[in-house]
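Enquirer: From the sequence below, what's the structure:
(2 chains)
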Number of protein chains: 2
Amino acid sequence: RTRHGRRGHGQNGCHSRHQHGYHSRQRNRHQPNMEAEADEPDEQTADLTSSMKKKRSYSKCRDCIARVQRFLVTRLGEDWIFLVLLGITMALVSWTMDYASAKSLQAYKWIYGELRGNIPLQYLAWVSYPLIFILFSSLFCHLVAPQAIGSGIPELKTILRGVVLKEYLTLKAFVAKVIGLTAALGSGMPVGKEGPFVHIASICAAVLSRFMSCFSGAYQNPYCYTDILTVGCAVGVGCCFGTPLGGVLFSIEVTSTYFAVRNYWRGYFAATFSAFIFRVLSVFNKDAVTITALFRTNFRMDFPFDLQELPAFAIIGISCGFLGAFFVYLNRQVVLFMRRPNAMTRFLTKHRLIFPAVVTLVIATLTFPPGFGQFMAGELMPRECINSLFDNFTWTKISGSPPPGGLGLSAAWLHPDVSVFLVLLLFLIMKFWMSAVATTMPIPSGAFMPVFILGAAFGRLVGEIMATLFPHGIVFDGILYRIIPGGYAVIGAAALTGAVTHTVSTAVICFELTGQISHILPMMVAVILANMVAQGLQPSLYDSIIQVKKLPYLPELGFGHMSQYNIFVEDIMVRKVKFISSQSTYREVQLLLDSSSLSSIPLVDSKDSMILLGSIDRLELLALCDWWVSPERRLLMQVRTVRDCTIIIKAWEEAEMDKPMEIDEIRVDPSPFQLVERTSLHKTHTLFSLLGLSHAYVTSIGKLVGVVALKELQKAIEGSTRSGVRLRPPLASFRDIINHNSVPKPPPSSPTAVSSSTSSPSARTASHNLTLLPPATPPQVPSSFTPSSSNLRPLQRLLEGEEDSDDEPMV
Amino acid sequence: RTRHGRRGHGQNGCHSRHQHGYHSRQRNRHQPNMEAEADEPDEQTADLTSSMKKKRSYSKCRDCIARVQRFLVTRLGEDWIFLVLLGITMALVSWTMDYASAKSLQAYKWIYGELRGNIPLQYLAWVSYPLIFILFSSLFCHLVAPQAIGSGIPELKTILRGVVLKEYLTLKAFVAKVIGLTAALGSGMPVGKEGPFVHIASICAAVLSRFMSCFSGAYQNPYCYTDILTVGCAVGVGCCFGTPLGGVLFSIEVTSTYFAVRNYWRGYFAATFSAFIFRVLSVFNKDAVTITALFRTNFRMDFPFDLQELPAFAIIGISCGFLGAFFVYLNRQVVLFMRRPNAMTRFLTKHRLIFPAVVTLVIATLTFPPGFGQFMAGELMPRECINSLFDNFTWTKISGSPPPGGLGLSAAWLHPDVSVFLVLLLFLIMKFWMSAVATTMPIPSGAFMPVFILGAAFGRLVGEIMATLFPHGIVFDGILYRIIPGGYAVIGAAALTGAVTHTVSTAVICFELTGQISHILPMMVAVILANMVAQGLQPSLYDSIIQVKKLPYLPELGFGHMSQYNIFVEDIMVRKVKFISSQSTYREVQLLLDSSSLSSIPLVDSKDSMILLGSIDRLELLALCDWWVSPERRLLMQVRTVRDCTIIIKAWEEAEMDKPMEIDEIRVDPSPFQLVERTSLHKTHTLFSLLGLSHAYVTSIGKLVGVVALKELQKAIEGSTRSGVRLRPPLASFRDIINHNSVPKPPPSSPTAVSSSTSSPSARTASHNLTLLPPATPPQVPSSFTPSSSNLRPLQRLLEGEEDSDDEPMV
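Expert: Numbering: from 1, shown residues only, chains lettered A, B, ... in the order given. Have a look, this model is predicted:
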């Protein structure tokens, strides 16, 4: 399903580069004339046309139109036009989807309300409505584009790494995702739109860039592709909730390892424009009176919180860290369970609609308001949940007494017989597993929004407890500060989403969503604490999905690990490289192609010299081999001998296959990425993640000595950080203490190496490489290709380390 | 003053890598024992020590202390401890400086107030107070560390590019900058603390990392240095105003080209911690009651603005773009004027204190409140200005009538005889040139704060005009919206700072400073418009200073320029490479070292093969040559022949110098960065800016054929984008139309190349490189070292383009 090396080195990009090279050349030839024409002062003469002959004026007119056309074509190639178009498209898509799903939810509530008094019918409506929508969404995606299923962020992260995922950025996937997501959102199930929206915006950007490439060749370049997708991601998050700032930051944190600052500006431009249009549309639709935040809060500004409340915020942060890690764990376990091969899952795979149907049925039954739903505010739809959790009341104070005016939807949380705490706790527990399960359904669904609601509920719970503990507020310096449980809810929401996605920009999204920034410091503290805990326990939700889906990825390097500077490419590279030389016969090439699935094959001068000349794309070689024994070439021979075809053809083919390959007829990429044996792991990792490499050749004085692919690097790093895809977390040192028995320590280096590097220059040994040698590897002549056993030790250690990490407990 | 290649390829990093390799080896050897000891259950036995012999208990105690010590040493190497320490240090520094300068300004105002009634004495005090402080600051910096002068951000940008600026990150510079800046801020002159603070924080981070390297070898690694400085910058901006979010973003935008997302998290952590401590300190000092924003605004939340006000916001944005570009232009002209060699500047250079003295005198005289200052709110200190400009009154409404309660400092803007508009306009004009001139004084000074004030004044002016045009507010949908001039001031401040620094994160800083995010969309629109205009007209203030100071830099590549993919390394590289071969004699090396100032010299196999073996550090070669004819080595010879020393020594030296060099005794960097001839300009630029390279060797099948340094790349790009350091701005296309006669177009390519690339595979010519050829360069055999004239054409074009760009008008 995946294919490596889209933009590695133009190996695969050859063809497109070649093509647009031609295009741009054509453009270059035309432009000087074009602009020279435009230079002519026919603006002035144009004013005189009315006084001239009609025929003349016609030609003038045509000329004018042609000039306008050319001007438009040139201008349309501009970057900012692309950004504006992307912004408008996404704003329209986002608004339309919001509108449709809101109307759908309205209809849902209306049906439910109309049937009041008839409990069985009401139940039927409550359950069947989402069931129909979810089944439609699932079926539609299955039929149109199965790539539309799920969040989309993990796949985009992989694509931005430089891996080509087939069919992920097509118009078909766009249609499936938009319609499927609208249906899913309209069902009222706990699924979000943030993740799918990133996917939708990226498809939009990719399609738009194909359209723009009619006007400017720059959009065809494989390097630009990343820039375009990065902006797409930013716009996706930005116009999802109308949060341009947080959108750009969130998309950077979630999808990139290294970020080009020039894209930052472009992302802001497009996201702001998109968010602006998105909000203006809702003003014109009279949803809002003016452009304000989506979930606007109305906390008092003067004293938003007291310093003494900080411990409570810190507790929210730490708890959210644990909750977030548990959410990721639960989500992964559900997916893994569904993938385990047994009778039930085989049955479910066969009948794809049963799993979503059962999940929807169970969730809808449990939230049925007259039933169990009354104890967990089941009647509230996701957005209503957030609005009510962020409100400015203190529920524990008003529960029991007659509800004050303006309470609105928050009334759903106040059960006459059950305490607010119990309702919140029940909501938290039930929605927790519901969200974790619902996001695994085969429909387009994100986890951001459900997790956001969970966090808000948890924060509200803590806030209400605080309000009960300090019913009259906190006294400081003679002034009384009332506790605002809504503020706790906002902080909880930011902290839990931050923990699940391993980002800190959720705080920014929260500010933009609520329109209030007064809680900035406690929120930052809570989000950072949640991140510290969650990163120490689990990979992010997106990395977890990447691991489960077995997509290619590159783990992060931790900070401050000496090993990343002491491990070199020669320790991790594959020494047995498959290659073709300029003397290779067609048969050898054919055998090589049959025996391996490399996307590009290195070309060396000769087997003896092994000097790397470049790399050749697999498709190129396949085409060459096919063409060599093709009927067209056979014709040349068949003209002479017509009889006894098959034998002669066979013989001819055999003879042809033994001829040496004509290297001159193949496109050779003369600059595949090269490393040397002494390139450190740190540098290799940096290069791979910066340039999105899938593999690099290792050369020693021009000679090909090995190859490093993503897989080798991945293994080495996983050994080095001793933990899967997760970042080296700040608390990991404490983890190391706990299970340092199970993790092998690097073996002590040989004493000779120590003495040689501490000695004075005159005492240096003959090997000129020695002075640069790391402690772990003994002196070695650079051109020795056969690894000594001691040389392999770091690699073995790494692999052992990796195996150990598999045994590590998940939570 | 500058030295290239600090972290290029470990050429210079060799020594440190070598050293820390040893350190870590030592650590590796110790750790297993250490932790094995820790494993022993002596915690349990420790409880029993009291019942045992005293001698035994002593040894136990010592053991315990040693263990604690070792534990601390291991833990102190942790990254988060570094971040916390950095945060605390910077918060303390920032708070102390704020406190000291606030007290100084208080004293200034007190003296001025006490002398009321005596105008001449009052004038003397008003002028001499800042004069003393500025002169002290200037003198102190001059004596202690001249590197402390100025903003610091341009230098840091250069350092983060990988260039070593001597003495910029020393404790001396720290002391000079802190004390000098405190004095400058305490003088009430229009100078800011943002830029110098970035410098201070970076020094702090660098010094702290040297301290931390006692505990963990990771801090010694040259690669970590960038990570550390990046975090330092983020903390610097973050704790300057207590704006962690905006601080991190601003520092990214201002200093980086490519940003590692892992540093984002670290920056947030440190900046939040720092901002938190910074704000808590002011709470404990009773400056503030609780943690709130620094310049808190109190606009109404429900309807912050109406859509119909947007054109006014857009006008602010566009005007601020022009103003910002003009500010950069004015600032540069002042600096360039001061650097022009004539009698006056020679005099001023000799007597360094005269320039700041004159500037201070003029500015203080003009702002003297009873004099001209009354017409431009001269009595307000910078922070008071911001507070009053952001207030919630509409000055045009209250001017004339008795001032309402709570007006406070804003009263300074209301002159009994002069209109508010005139006061604001005068303030804007006078402060504009004052700020542009004041920031060129030889003291530590930033331009962020003065520009921020200018922007606020401009925004306020527009806001007051709007309030006069619509005295009863804007009616929309039956509801009346009152105009809030304070909101306009906030937007103006963000837009102007954004225009001057070419950043969009000033909007985030504004939200954090004011504590209100309700104006997010108009502010983003204004900031983006201001950026579009300013980027089209001028480089950013920091890039302008980099250009004026002639620091090495790498211009940005624009988006969508085909040429960046069609220009290759071979077009821009220097083909005459200075090298040493393994057969070089000491004399040749000595000659090479004398004739060039290269920081590292390539080592090739032999002059004929030219196969690149690695690169050697200049210092290494110097040391080797010195040692070869050193007295120590001479002793070996002198033992035999003692008489007639000088002649013999001369002869011996001559003979020795002709011996071939002993390569084995030198540290050779075996992995200098290599490019191939066909690497595109885009890829080269990406690699240089990502990896912070200062130069890279160009090899063809292992053979050294050229070298590309920063300078060559700079020239090529400046030709390519046809404009100095500035980004390719979105409006640049309009600029191209205006002066496209002066800019040479790329010549049309040769028709043969066109036909060859459009033809079928069988029609391809013999050159296997041809199919990859760009349109601009004709087919060429890769191993031909002598460039054909046609091959040089792109280079010539680039250089011509660059020359043309010099003629381009500045504004």
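Enquirer: What is the subsequent helix or strand relative to the helix or strand containing A:Tyr108?
Expert: Element membership for A:Tyr108, per DSSP states H and E: helix A:79-114. The helix or strand immediately downstream of helix A:79-114 is helix A:119-144, counting by DSSP H and E.
Enquirer: Please identify the buried residues of that next one?
Expert: Residues of helix A:119-144 classed as buried by neighbour count (16 or more other C-beta atoms under 10 Å in any protein chain shown): A:122-123, A:125-127, A:129-131, A:133-142, A:144. Every C-beta, even on glycine, is put in place using the N, C-alpha and C of the backbone.
Enquirer: So A:Leu621, which state does it fall into?
Expert: helix (DSSP: H, G, I helix; E, B strand; the rest coil).
Enquirer: isn't it right up against A:Asp594?
Expert: No - when contacts are counted by C-beta atoms under 8 Å, A:Leu621 is not listed as touching A:Asp594 (11.3 Å).
Enquirer: who has more neighbours, the two?
Expert: Higher neighbour count among A:Leu621 and A:Asp594: A:Leu621, with 23 against 8, using other C-beta atoms under 10 Å in any protein chain shown.
Enquirer: residues in contact with that one?
Expert: A:580, A:589, A:593, A:601, A:666 (C-beta atoms under 8 Å, 6 or more residues apart in numbering or on different chains).
Enquirer: The fourth one bridge partners, please.
Expert: Judged by DSSP bridges, the bridge partners of A:Ile601 are A:Ile616.
Enquirer: That one: what's it in contact with?
Expert: A:578-580, A:592, A:615-616, A:618, A:621.
Enquirer: list the contacts for the nearest residue to A:Phe174 once chain neighbours are set aside?
Expert: Spatial nearest neighbour of A:Phe174, excluding adjacent residues (C-beta to C-beta, 6 or more residues apart in numbering or on different chains): A:Ile203 at 4.3 Å. Residues in contact with A:Ile203 (C-beta under 8 Å, 6+ apart) are A:168-171, A:173-174, A:177, A:232.
Enquirer: Make sure A:Ile203 is indeed in a helix.
Expert: Yes - counting by three-state DSSP, A:Ile203 is located in a helix.
Enquirer: The residue lying closest to A:Glu677 once chain neighbours are set aside: helix or strand, and which one exactly?
Expert: Spatially, and ignoring its direct neighbours in sequence, A:Glu677 is nearest to A:Glu570 (3.8 Å; C-beta to C-beta, 6+ apart). Taking DSSP H and E as the criterion, A:Glu570 maps to helix A:569-572.
Enquirer: after that helix, next one along is what?
Expert: Moving toward the C-terminus from helix A:569-572, the first helix or strand encountered (DSSP H and E) is strand A:580-581.
Enquirer: partner strands of that next one, parallel or antiparallel?
Expert: strand A:600-604 (parallel).
Enquirer: Can I get the partner strand in PDB, CA atoms only?
Expert: Taking C-alpha atoms only, strand A:600-604 is exported to PDB below (Å, rounded to 0.1, in the frame of the first residue of the first chain):
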ATOM      1  CA  SER A 600      15.500   2.600  -6.800                       C
ATOM      2  CA  ILE A 601      18.700   0.700  -7.500                       C
ATOM      3  CA  PRO A 602      22.200   2.100  -7.200                       C
ATOM      4  CA  LEU A 603      24.300   2.100 -10.300                       C
ATOM      5  CA  VAL A 604      28.100   1.500  -9.900                       C
END
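Enquirer: pLDDT on that strand, on average?
Expert: In this model, strand A:600-604 has an average pLDDT of 83.
Enquirer: Show the low-confidence segments of the stretch 401-550 of chain A, by residue range.
Expert: Scanning the stretch 401-550 of chain A for pLDDT under 70 picks out A:401-406, A:476-479.
Enquirer: can you give me the strands for it?
Expert: Ranges of strands within the stretch 401-550 of chain A are A:474-476, A:479-481, based on DSSP state E, counting those that start in this stretch.
Enquirer: Tell me the residue of the stretch 251-400 of chain A that sits nearest chain B?
Expert: A:Thr272 (4.3 Å; C-beta to the nearest C-beta).
Enquirer: Then that residue would be within a helix, right?
Expert: Yes - under three-state DSSP, A:Thr272 falls within a helix.
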